[in-house]
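Asker: Next one to model:
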Amino acid sequence: MIVTLAGHVDHGKTSLVRALTGVNTDRLAQEQARGLTIDLGFAYIDDGAIGFVDVPGHHKFIHNMVAGVACHQHALLVVAADDGPMPQTREHLDILSMVGLKSGAIALTKCDQSSDARIAECETEISAIVEGSFLQSAPLFRTTTEAPDSFTPLLEHLREVGKSQQQQHSEQPFRLAIDRVFVIKGTGVVVTGTVHSGTVRLDDSLHHFPSLKSVRVRSIHAQDQPQSIAHVGDRCALNVSGMTIETLNRGDWLCGHHPQSFTNISIDLRTLPHFPRSIKHWTPVHVYHATSHSTGRIALLDSHAIAPGSRALVDLALDGLLNCSRGDQLVVRDHSLDLTLGGGEVVYAEERAPTRRRSIERKERLSAYGKQDWQTCLDCLLETGSADLGEITKNWLIASDVVNTYLTEKNAHIFGKLAVTADHWDTLSNTALAHIGDADSAIRENDLPAQIGLALRQPILNDLVRQNKILHIGGTYRLPEQKTQVPEALQPLWSQLQTMLAYDQAPSSGDLAKVLNQPQMMLEVRLRELVKLGLLIEIANHRFYLPQQLASIATGLAKLANGSTFTVREFRDQTGIGRNVAIEILEYFDGRGFTRRQGNERILLRAAL
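Answerer: Numbering: from 1, shown residues only. Predicted coordinates:
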C-alpha cells in the first residue's frame with residue numbers, strides 16, 4: 001500500500017514519516033539546509049508492504065505535490081495542532097479528491113505544543129473542512145515527536161488497512177507516470193513512478209512518451225523490493241535500456257501500447273465551492289495529469305460561465321501534447337490566481353481542436369463517451385449513427401479485436417474503422433436506393449442526402465453495387481432498369497465507340513480522332529459528355545474506357561492477385577495490354593481504392609471495382 005502525505009508547509013509531514021519509518025525523506029542538500037521539502041520523498045517499511053510519499057507543502061511547489069499523488073493510494077492528511085487547517089491543507093485535500101483517492105486517515109501533529117482545548121478546537125476545524133470529502137469519516141490520530149508511542153496507533157491502523165487492500169487488476173495496457181530518473185553505477189538508467197494501469201514484466205518492451213522510442217525492462221523493483229512483475233497501483237522502479245537519462249524526464253510516460261498524443265481534452269469539470277469567481281470561456285489554466293504539467297485554456301461548451309461549486313462538461317485546449325485516456329483524473333489551477341479551481345475526469349480526447357466545438361453532433365458524441373464503460377459508450381454511438389472504432393480504442397485503451405468481437409456479436413457492420421448497426425445500415429441503404437430511383441438520371445456519391453454521412457456513402461454504394469441493386473458506371477450510380485438517354489447529337493458517335501472501345505487496350509483519343517477523321521480536341525469534348533452520362537470512364541489523359549470493359553479487367557486482376565502482391569509486368573502479361581496503358585489502368589485502380597501500390601508491387605484492396 002502506498003500512503004501519500006499531504007498538508008500545509010511546516011506541519012510536520014517529513015518528521016511524521018521519519019517517526020514511522022526511520023527515514024529522512026528530505027534527500028536534497030537544499031531541503032536539509034532549509035528544513036523545507038521541495039521535491040518528492042519516499043520511504044518504506046515492512047519489507048515494502050507500506051510505502052510513504054512525502055510531498056512538498058509550500059504552494060510554490062504545488063506541481064511537485066501533484067506529481068506524487070495517484071488515485072490508488074491511501075491519503076494521510078497532516079495538520080499541526082498549533083496552526084490548525086491552513087490554506088494548503090484545504091488545497092491539498094481538494095487535489096487528493098480531484099485525483100480520485102477514496103481512502104485515508106488524518107494525523108494531528110505537534111500535539112505537545114497545544115493545550116487540550118486547542119487540540120479539541122483544531123479537531124472541530126478539521127471536521128469542518130473534510131465534511132463532504134472522502135475523508136469525512138476518516139480516523140484521526142494525535143501525534144507528537146516528544147512521545148514516540150503516540151505514532152503506534154497510526155502505524156497499526158495503516159498496517160490493518162494495508163492487509164485489507166487487495167491487489168488491483170487492470171485489463172488496460174501498462175502505463176507508468178515517470179517522477180524520477182537517475183543512473184545507478186553498474187546498473188544503468190532507472191525510472192520510478194506509479195503504475196496507473198496494467199502490468200509490466202521483465203524483458204517487456206515499452207514505448208516512451210513523448211519520443212515514441214522503445215525501451216526494454218531489465219529489472220523491476222516494486223514497493224522497494226526486487227520483483228519479476230509490477231501491477232497497477234504499485235510504486236515501482238524500472239531499470240531500462242534503449243534511452244539515455246538526458247531523454248527521460250518527469251512527466252514522461254512508459255506504456256505497453258503505442259501512446260497517443262492529444263491537444264484537446266474534454267473533461268467532466270467539478271469546480272471547487274470556495275473558488276472566488278466564476279469560470280469564463282477561454283480562462284487560462286494550468287493542467288496537472290499524473291506527473292505531467294501543461295498549460296492551456298478552458299473552452300466552454302455553452303455561453304454560460306461556470307459558477308463555483310458546480311459541474312460542467314468543458315474542453316481543455318492545451319498548448320502542448322498530453323498522453324491520457326478515458327477516465328484519467330486531471331487537476332486544473334487558475335493561471336492568474338494561482339489557485340486550484342477544480343478538476344475532473346477525462347471524457348474524450350482529440351488530437352486537434354474540433355472545428356465545431358458546440359455542435360449538436362459533437363455534444364451527442366461527448367454524451368456517449370461520458371458513459372461508465374466502453375460497451376455502453378459504443379452502444380450509444382451506434383444508436384445515433386456510426387461509431388469511429390479508432391477513437392474508441394484510443395480513448396478507452398481497448399484492443400481492436402475485443403471491440404470487433406463485441407460488434408460481431410451485435411451483428412453490426414464494420415467498414416475499416418467505422419461501425420454501424422445492421423438496422424441503421426439497412427435504413428441508410430434503403431434511403432440511398434430510393435434517392436437513386438427517384439433521380440431523373442444517374443447520380444454521383446456527393447448527390448446522396450445529408451442524412452447519409454460522408455464516411456458511409458461509399459461503403460453503402462459499394463454494397464448496393466455488389467448486390468446488383470444499382471449499377472456503377474463512370475463514377476455515377478443508377479438502377480439497372482434505368483436507361484441512360486443519349487442525346488441525339490451523340491448517338492452516331494456512341495454507336496461507333498461501343499465497337500471501337502470494346503478492347504482491353506482501348507485506343508487513345510488521338511487514335512480515335514484519326515479513325516473518325518475528327519479534330520482530337522473536339523472529339524474529347526464529346527467523349528467527356530459521354531463520361532458525364534456514365535457511358536465512358538476517363539482513366540487518364542487522352543484515354544477513355546467502357547465501364548464494362550474496365551470491370552472485366554478488374555475481375556481478371558482479382559484472379560491474378562489471389563491474396564498476394566503483383567507487379568505491372570505480371571498484370572501486363574496476363575492481360576496482353578502494353579506497359580504504358582497497363583500503368584494508366586493500374587493508377588486509375590489505385591485512385592479508386594481498388595489497388596494500392598507498395599514500392600514496385602501492388603496489392604488488391606477489395607474484391608470488386
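Asker: Identify the single longest helix in the protein, thanks.
Answerer: helix 422-438 (DSSP state H).
Asker: how many neighbours does V403 have?
Answerer: 20 (other CB atoms under 10 Å). All C-beta spots, glycine's among them, are computed from the backbone N, C-alpha and C.
Asker: Using the three-state scheme, assign it.
Answerer: State at V403, reduced to three classes by DSSP: H, G, I helix; E, B strand; the rest coil: helix.
Asker: ok, it - contacts?
Answerer: W374, L378, L389, I392, T393 (CB atoms under 8 Å, 6 or more residues apart in numbering).
Asker: Is it possible to get a markdown table of those residues that adds neighbour count and pLDDT?
Answerer: Formatted as a markdown table, the contacts of V403 follow (neighbours: other CB atoms under 10 Å; pLDDT from 0 to 100):
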| residue | neighbour count | pLDDT |
| --- | --- | --- |
| W374 | 20 | 95 |
| L378 | 24 | 95 |
| L389 | 21 | 92 |
| I392 | 24 | 95 |
| T393 | 20 | 94 |
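Asker: Point out where the protein drops to low pLDDT.
Answerer: Scanning the chain for pLDDT under 70 picks out the ranges 25-39, 57-63, 166-170, 473-474.
Asker: what residue of it is the furthest out?
Answerer: N517 (62.6 Å; CA atoms, centre = their mean).
Asker: Kindly provide the distance from that residue to V240.
Answerer: Here the distance between N517 and V240 works out to 77 Å (CB to CB, to the nearest Å).
Asker: Same question for V331.
Answerer: V331 is 28 Å from V240, by CB to CB.
Asker: And for Q518?
Answerer: Using CB to CB, we find Q518 at a distance of 73 Å from V240.
Asker: what about P173, which helix or strand?
Answerer: According to DSSP states H and E, P173 maps onto no helix or strand at all.
Asker: which residues does it contact?
Answerer: S197, G198, C255, G256, H257, L397.
Asker: The last one: what's it in contact with?
Answerer: The contact partners of L397, taken as CB under 8 Å, 6+ apart, are Q172, P173, S197, H257, S325, R326.
Asker: same deal with the first one?
Answerer: S197 sits next to S170, Q172, P173, F174, R175, V232, S325, L397 when contact means CB under 8 Å, 6+ apart.
Asker: So which of those wins on neighbours?
Answerer: R175 (28 neighbours).
Asker: wait, that one sits on G256?
Answerer: Yes. Assessed by CB atoms under 8 Å, R175 is found in contact with G256 at 7.3 Å.
Asker: Overlap in contacts, these two.
Answerer: G198.
Asker: re the thing from before, out of the contacts of V403, list just those in helices.
Answerer: Using DSSP H, the contacts of V403 in helices are W374, L378, L389, I392, T393.
Asker: I'd like to know how far the nearest residue to the second one once chain neighbours are set aside sits from K469.
Answerer: Nearest residue to L378 in three dimensions, chain neighbours excluded: A387, at 5.6 Å (CB to CB, 6 or more residues apart in numbering). With distances defined as CB to CB, the gap from A387 to K469 amounts to 25 Å.
Asker: And for T244?
Answerer: T244 is 61 Å from K469, by CB to CB.
Asker: Ok, T421 next?
Answerer: 20 Å.
Asker: and those two? which has more neighbours close in?
Answerer: T421 (19 against 16).
Asker: which ones are touching S266?
Answerer: L313, V314, D315, L316, V346, V347, Y348, A349, E350, L366, Y369.
Asker: Closest one to A299 out of these, please.
Answerer: Using CB to CB, D315 is the member of the contacts of S266 that sits closest to A299, with 4.0 Å.
Asker: State the next helix or strand along the chain beyond the helix or strand where the closest one lies.
Answerer: For D315, the host element (DSSP H and E) is strand 311-322. Downstream of strand 311-322, the first helix or strand assigned by DSSP H and E is strand 329-334.
Asker: Quick one: distance of that next one to the chain centre.
Answerer: 19 Å (CA atoms, centre = their mean, to the nearest Å).
Asker: List of residues touching that strand?
Answerer: 62, 66, 71, 95, 98-100, 265, 267, 269, 275, 283-289, 298, 316, 324, 339-346.
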